[in-house]
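Engineer: have a look at this prediction, sequence included:
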Amino acid sequence: MDEKKVEEELKKVWDETPVSHSDREKEISWEQFQAKAFSSKKKKSKAWIYYAAAAAVLIFAGTGLYFNGNPLKHDVQLAQTTIENTSSILKVVALPDSSRVELSPNSKITYANNFTVNRKVNITGEAYFKVKKDKQHPFQVFCNETTTTVLGTSFTVKGYAQKEVTVELYEGSVQMNVKNQDKKWILKPGEKFTYGNLTASVAEFERFTDFENEKLIAVSAYIESNYGYKVNMPQEYYEQRITVRINKKEDLKTIVQLISEMYNLNFEVNEDLKQITFQ
């Protein structure tokens, strides 16, 4: 999408009288702009490069795993590699299949030596995963009495209490299995799986944050509060209006890049100061 066309599209938006949009309209608008802004033919020279389409995102949190004997009815090979974070800051780990893990303090993961073909992970504590897609070798996570099979997706897994697990699906699809149960659950985006006290249930949850004709500075505040990066931008943009629906687990790189494209702004990222500057 060349600059002239971008300007023409944006001018139409600025000249229109704001109206209320449905949730689906906002979601489709966001997806369409992503597709245009990140055309495969378009070269990027920004500080961050968009990789979201090639990875799935997961967050796991728990107090422990079910390691006693055969933890699940599936044939799980015992992990032979253990990575533990004994520091007070996040530890970034690259798995053998190029998936990435941000391991929280006092947490550890274990996996088999043949991980590239046997992508099974046990976790104690909390971790954030960006999983490389591989349809031939599904990524599986074991937490308490549940198995989450990743089918190319993004979701959170929370297991703060022993034998209690919550899985919230943001994109794609996952299959849930529970120890000693034949039933399986296939989650759709926006669905939450909860297991505890030998009971499993599925319900809807809100996976988006909506900005309805709000000032652009509101998105800056959202970035600061949810991602920990201070945002600086020219004051004349504070009053600009934006209507958009953002996945709550959207990659920060995507949000920043799209703001840059929409408002024809350059940006710099200072990782040491955790600061994003638009200009």
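Structural biologist: The structure has been received and is ready for your questions.

Engineer: count the residues that sit near Gln136.
Structural biologist: 5 (other CB atoms under 10 Å). C-beta coordinates here come from the backbone N, C-alpha and C atoms, glycine included.

Engineer: please apply the same query to Thr243.
Structural biologist: Neighbour number of Thr243 under other CB under 10 Å is 18.

Engineer: for it, give its distance to Thr199.
Structural biologist: As judged by CB to CB, to the nearest Å, Thr243 and Thr199 stand 40 Å apart.

Engineer: please apply the same query to Lys230.
Structural biologist: 44 Å.

Engineer: neighbour count winner among these two?
Structural biologist: Between Lys230 and Thr199, Lys230 has the larger neighbour count (other CB under 10 Å), namely 13 against 8.

Engineer: what pairs with that one across the strands?
Structural biologist: Applying DSSP bridges to Lys230 gives these bridge partners: Gln275.

Engineer: do I have it right that it meets Ile276?
Structural biologist: Yes. Using CB atoms under 8 Å, Lys230 is in contact with Ile276, at 7.2 Å.

Engineer: CA atoms only: put whichever strand or helix holds Ile123 into CSV for me.
Structural biologist: Ile123 is part of strand 120-132 when elements are defined by DSSP states H and E. Extracted in CSV, the C-alpha atoms of strand 120-132 (Å, rounded to 0.1, in the frame of the first residue of the first chain):
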residue,chain,number,x,y,z
LYS,A,120,6.3,-31.4,24.8
VAL,A,121,7.0,-29.0,27.7
ASN,A,122,6.5,-29.2,31.4
ILE,A,123,6.4,-26.0,33.4
THR,A,124,6.7,-25.0,37.0
GLY,A,125,6.0,-21.4,37.8
GLU,A,126,5.3,-18.9,35.0
ALA,A,127,6.5,-18.4,31.4
TYR,A,128,5.6,-16.6,28.2
PHE,A,129,6.0,-18.6,25.0
LYS,A,130,6.2,-17.6,21.4
VAL,A,131,5.8,-20.9,19.6
LYS,A,132,7.0,-21.6,16.1
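
Engineer: for that strand, the averaged confidence score.
Structural biologist: The average pLDDT for strand 120-132 rounds to 79.
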